[in-house]
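I'd like to go over a predicted model; first the sequence, then the structure.
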Amino acid sequence: MIKIATLSLLAALSVTASSAFAGEKKACCATQAGKMECSQIYAKLNLTPEQKTKLDTFQARCEKDGCTADSMKKFFHEAKGVLSSKQYTQLKAEC
């Protein structure tokens with residue numbers, strides 16, 4: 001009986017954990033690979049040097065804050081003020 005209860009608990013925890021991470025997307029800063037991905041995304045946007053500097057600053061702040069949903073939201077809000085509407089749409093699609 002204890003084995004069944006333990007297995008049931010483990011199964012429930014694994015389902016909960018997998019569903020919690022299923023839709024999470026931490027592109028643009030969470031890992032070194034994410035940073036590389038961002039560099040590739042920025043290259044596609046045809047940024048001016050000023051835009052790139054500002055996005056790098058926003059990205060660094062996002063990383064410092066732990067790449068949470070709130071910090072990513074702030075990143076996109078700040079990016080929207082720097083990028084053209086076409087660039088911003090492309091950034092949102094890529095990230």
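Arrived safely. Only a predicted model underlies this, so the values are computations on that prediction, with no experimental measurement involved.

ok, so what distance separates residue 75 from residue 94?
As judged by C-beta to C-beta, to the nearest Å, residue 75 and residue 94 stand 13 Å apart. Every residue, glycine included, has its C-beta placed from N, CA and C.

Compare those two and say which one has the larger neighbour count.
Neighbour tally, residue 75 and residue 94, criterion other C-beta atoms under 10 Å: the higher count belongs to residue 75, 22 against 15.

And for the residue nearest to that one when sequence neighbours are not counted, the neighbour number?
Leaving aside its chain neighbours, residue 75 sits nearest to residue 62 (4.4 Å; criterion: C-beta to C-beta, 6 or more residues apart in numbering). Applying other C-beta under 10 Å, we find 23 other residues in the vicinity of residue 62.

For the helix or strand harbouring residue 62, buried residues please.
Assessed by DSSP states H and E, residue 62 sits inside helix 49-64. Neighbour-count burial for helix 49-64, with 16 or more other C-beta atoms under 10 Å as criterion, is recorded at 51, 54-55, 58-59, 62-63.
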